[in-house]
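S.K.: Below: sequence and its predicted model.
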Amino acid sequence: MSSLQISSLLSNTLCSSSSSSIKPSMHVPKLPIPLSIEPKPSRKLFEELNGFSHTIPTLQDTSLNNNNKTTTTSKTTIQLYAILEAVADRVEMHHNIGEQRDNWNTLLLNSINMLTLTATAMAGVAATMGAGGAPLLALKLSSTLLFSASTGMLVLMNKIQPSQLAEEQRNAKRLFKQLQSHIETTLAIGTPTEEDIKDAMNKVLALDKAYPLPLLGAMLEKFPKRFEPAVWWPLSPKRNNKSKIFNETKQGKKNGWNEGLEMELRDVLEVVKEKDMKDYERLGNLVLKINKSLAIAGPLLTGIAAVGSACLSQGHGSSWAPIVAVLGGALATAVNSFEHGGQVGMVSEMYRNCGGFFQLLENSIQKTVEEDEEQRENGELFEMKLALKLGRSLSQLRDLATKSAYSRLEGSATDEFASKLF
């Protein structure tokens, strides 16, 4: 019995040891590298594997000699990242300078109003003093000097229009941010091309020209002869009309485009031209005239007040000189507060920017319609972008096109603006 027990124990031990030795053999042995190899393995990892180091030049040559796609992609990507860094720097620059010029508007407005009101008070006190003497002369001379200083400062302030400058920088910051987002999207969704590089460069230069940073020699004209919309996009040469004729004769739907969508865009464009663009041109001209009148009236009133105060100092004109000095100073303060406190220059720049938005919208629609269907942006995507720019849904955009078509057939004007944002 004891021998049988010993033999059974030995057999169990052997079975357990054999089963334990068999189980690990069923697993895949650990390799020095993981099973999921990275798309671009490092050179050091391959050199650690014996017998594989000689294949590295072959892999690199194969990837680089594939019509030089990898090299070209790397070059254009680096260039586009360089442009992206410059655009981000422009955003910060316009932000800082915009805040600075907004502070100019507040500080100059407060300083000029304090000078004008102080000079007006001095002229009034001097007019109440019957007898002459050193105190009377001091008040009159101080009033004249303060009126003269406020006149000079007001001429400079009306020339540069700090509120309009600040609005220019805000618009430039927004447009550069828009360009920054466009470049980031281009880098994220695909491989950039040379056309993307040229397009980004042209847009940066066009924005620099439309919204210059320096004042001397590069500042935009604040009082042009007539209202002109802002232009911040690169102007492309006119295209040949052959592509337009080709598109009009094509039938069917291709790349999201069809004849109905093209007619819809033309109808929407008619509303933009007849309603939005004309309305903003009218309002822009009105605000421009108001700003010109206020810019002339402010310094003129302070100058008249300075003359009245100077006449008081000479001892004659006692009946009209105090009225001219005090009334001129009070009116100048009111005009200056309305012009710069109300930021009429900023409103003028806002209308100029909105006019440029509609002008760009018109150019975009015309350029897209005149292109070959294969070269256009996808029609459904373009329609969605247009609806978002106008603050409408797709159904509202199509209803607007239908109303425009019916109004044109009936010979009446559309009673609705295209944009619901501005």
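M.R.: Cool, got the structure. Numbers count the residues shown, from 1 in each chain.
S.K.: Can you tell me the SS state at A172?
M.R.: For A172, the assignment made with DSSP: H, G, I helix; E, B strand; the rest coil gives helix.
S.K.: pretty sure it is in contact with H95, am I right?
M.R.: No: using CB atoms under 8 Å, A172 is not in contact with H95; the gap is 9.3 Å. Every C-beta, even on glycine, is put in place using the N, C-alpha and C of the backbone.
S.K.: Which residue of these two possesses the greater neighbour count?
M.R.: Legend: neighbour count by other CB atoms under 10 Å for A172 and H95, higher for A172 (25 against 16).
S.K.: so what's the more buried one closest to, chain neighbours aside?
M.R.: The shortest distance from A172 to any non-neighbouring residue, by CB to CB, 6 or more residues apart in numbering, is to Y211 (3.6 Å).
S.K.: how about that neighbour, what does it touch?
M.R.: Taking CB atoms under 8 Å, 6 or more residues apart in numbering, we find Y211 in contact with H94, E168, Q169, N171, A172, L175, W232.
S.K.: Let me know the pLDDT of it.
M.R.: pLDDT, Y211: 95.
S.K.: Got the phi and psi for it?
M.R.: The phi and psi values for Y211, taken as degrees, to the nearest 10, are phi -130, psi 80.
S.K.: what about it, distance to L388?
M.R.: 24 Å (CB to CB, to the nearest Å).
S.K.: and if you look at Y81?
M.R.: If you go by CB to CB, the gap between Y81 and L388 works out to 28 Å.
S.K.: same question, A401
M.R.: Going from A401 to L388 by CB to CB gives 16 Å.
S.K.: So for the two, which sits in the more crowded spot?
M.R.: A401 (22 against 13).
S.K.: List the contacts of that one.
M.R.: By CB under 8 Å, 6+ apart, the contact list for A401 reads M263, E264, L265, D267, V268.
S.K.: ranges for the strands of the chain?
M.R.: In the chain, no segments count as strands under DSSP state E.
S.K.: shaky segments in it?
M.R.: 1-73, 130-132, 236-253, 313-318 (pLDDT under 70).
S.K.: Name the single longest helix found in it.
M.R.: If you go by DSSP state H, the chain has its longest helix at helix 69-128.
S.K.: about what we covered before: which two from the contacts of A401 end up farthest apart in space?
M.R.: Maximum pairwise distance in the contacts of A401, criterion CB to CB, is 9.8 Å, between M263 and V268.
S.K.: I'd like to know which of the contacts of A401 are buried.
M.R.: Listed as buried from those are E264, L265, D267, V268; burial here means 16 or more other CB atoms under 10 Å.
S.K.: Next step: those residues restricted to helices.
M.R.: Counting by DSSP H, the buried ones among the contacts of A401 place E264, L265, D267, V268 in helices.
S.K.: Specify which member of the contacts of A401 is nearest to L421.
M.R.: V268 (14.4 Å).
S.K.: residues near D89, how many?
M.R.: 11.
S.K.: again with K273
M.R.: Neighbour count for K273, taken as other CB under 10 Å: 13.
S.K.: Double-check it against I365; I have them as touching.
M.R.: No: the pair K273 / I365 is not scored as a contact, 10.4 Å apart, by CB under 8 Å.
S.K.: Which parts of this structure are helices?
M.R.: Residue ranges of the helices in the chain, as given by DSSP H, are 2-25, 43-47, 56-64, 69-128, 134-160, 162-189, 194-210, 242-249, 259-271, 278-314, 321-336, 344-370, 379-389, 394-410.
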